[in-house]
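1. Following is a predicted model, sequence given first.
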Amino acid sequence: MTVSFPLSRLTRRSAAVVSVLGLLAACDGPLDYDLRGQVGAFNTTNAAQNATTGRPDADDRGLITYPTYQVAVARRGDTVADIATRVGLPVDEIARFNGVQASDKMRPGEVLALPRRAPDQVISSGTANPGSVDIESLAGSAIDGAAATSPNPGSVTTTQLQPTPAKVAKPQVQDGPEPVRHKVARGETAYTVSRLYQVPVKALAEWNGLGSDFAIREGQYLLIPIKDQSAPATVTPAAATAVTVPGQGTDTPTPPSSTKPLPQETVAPAAAAQTVPQVDVPDPTRSSQAAMSYPVQGKIIRTYSQGKNDGIDIAAAAGTPVTAARSGTVAAITADSNQVPIIVIRHDAKLLTVYANVENIEINKGDKVKRGQTIATLRSGDNAYVHFEVRDGFDSVDPLPYLK
């Protein structure tokens, strides 16, 4: 059995960019984190796996300052209120702007967008030192207040001096291009965001301090990683080709064929095109002790190959039920560049399964599913198969050991 894919479909996959209302490290074999490069045996990884620069370091207050906006970077143990105190802005204002609560715990490195520029002066919560208090101004105010409120002229009343705001170093504005700041709309995921801006989802997570599940929330502001614009290496003068006057170059050598005829060659016929090995999926049994069950009963038409096919493709009749390989929670329902649905199910803190090239989805994001429960069906048409992946955190792994 040989599987072929219509040229028009492949062309659409490579040329089309998903249009959405909002937003879902380079190595020898980059992983396709947005899950679209391996669906249908056509790889568009390069369209989304553009190298990006690293996020700039925050200053002493945790601020990263760009020409038109600022963001605050959380430290270990920070709440939203802690960040607001450190940058000198009202906590309610920051919380409302980012769609969070003042008491919410932040992950180390997580980013909060600031609704306006942080002040260059911050009131310290500790004991003020002499350098942080304007003695002359406070003393004058205290004397004027005492004179106005004292019942007995000439008597002295005391007033507790309050520290004035302490001046802090002026934030340094980042050089170079300013990252796009995107506000997450309802229904968007880190994968659709990364696909829209054609940046790796891992880079998006690193820039914004996302968790291992890439979860984002409605109303959250995301910094879009800046593409690496490093210039190609220049040619050194020593490596440049020497320029000579026409007619004064090296003599052209006499080709061997002009003095000695080429030997006769017998060209063997080309070997027959190799077909993908067909592997029957075993029928499920009640006593199966495998970590996962096959999502479809059919034939494996494409096996796992890291960097080329991050899962296995199982063919069966159109409309065949696709079942959950293991009990878990529906983490995401997204789509590839042709709007073909993709389902992601989380089984524990790091282990996920992915089901692509399906239709008639019967579950919703957040649903609890059981092993063997029908979640969708195979798409109708000539290419009825499910693309099935097992992912351990960021890395894809061969699904077969889990299925045996």
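-> Now that the structure is in, tell me what you want to look at. Numbering: from 1, shown residues only.
2. Helices of the chain, residue ranges please.
-> 7-15, 45-48, 80-87, 91-98, 135-149, 190-197, 201-208, 400-403 (DSSP state H).
3. rank those helices by pLDDT, which is bottom?
-> For the helices of the chain, mean pLDDT drops lowest on helix 7-15, to a mean of 35.
4. Give me the buried positions along stretch 380-400.
-> For stretch 380-400, the neighbour count (16 or more other Cβ atoms under 10 Å) marks 383-391, 396-399 as buried. For every residue, glycine as well, the C-beta is placed using N, CA and C.
5. Next: stretch 56-68.
-> Using 16+ other Cβ under 10 Å as the burial criterion, the residues of stretch 56-68 that qualify are 56, 58, 61, 62, 63, 64, 65, 66.
6. got the residues you listed as JSON lines, with distance to residue 115 columns?
-> Shown next, in JSON lines, are the buried residues of stretch 56-68 (distance: Cβ to Cβ, whole Å):
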{"residue": "56", "distance to residue 115": "20"}
{"residue": "58", "distance to residue 115": "18"}
{"residue": "61", "distance to residue 115": "16"}
{"residue": "62", "distance to residue 115": "16"}
{"residue": "63", "distance to residue 115": "14"}
{"residue": "64", "distance to residue 115": "15"}
{"residue": "65", "distance to residue 115": "14"}
{"residue": "66", "distance to residue 115": "15"}
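7. In strands, which of these fall?
-> Residues of the buried residues of stretch 56-68 located in strands (DSSP state E): 63, 64, 65.
8. closest to residue 108 among the buried residues of stretch 380-400?
-> Among those, residue 391 lies closest to residue 108 (Cβ to Cβ), at 23.7 Å.
9. which intervals of the chain have sub-threshold pLDDT?
-> The chain contains residues with pLDDT under 70 at 1-50, 121-169, 229-288.
10. I figured residue 319 hits residue 380, correct?
-> Yes. In terms of Cβ atoms under 8 Å, residue 319 counts as a neighbour of residue 380; the distance is 6.6 Å.
11. Now list whatever residues contact both of those two.
-> Common neighbours of residue 319 and residue 380, using Cβ atoms under 8 Å, 6 or more residues apart in numbering, do not exist here.
12. Count the neighbours of residue 185 for me.
-> Using other Cβ atoms under 10 Å, residue 185 has 14 other residues around it.
13. For residue 70, which non-adjacent residue is spatially closest?
-> Residue nearest to residue 70 in three dimensions, not counting chain neighbours: residue 114, with 4.6 Å by Cβ to Cβ, 6 or more residues apart in numbering.
14. Just to check, the one you found is in contact with residue 97?
-> Yes. Assessed by Cβ under 8 Å, residue 114 is found in contact with residue 97 at 7.5 Å.
15. So for these two, which sits in the more crowded spot?
-> Neighbours per residue (other Cβ under 10 Å) separate residue 114 from residue 97, with residue 114 holding more: 22 against 17.
16. follow-up on the earlier one: arrange the ones in strands among the buried residues of stretch 56-68 in JSON lines, one row each, with distance to residue 177 as further columns.
-> Compiled in JSON lines, these are given as follows (distance: Cβ to Cβ, whole Å):
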{"residue": "63", "distance to residue 177": "19"}
{"residue": "64", "distance to residue 177": "14"}
{"residue": "65", "distance to residue 177": "14"}
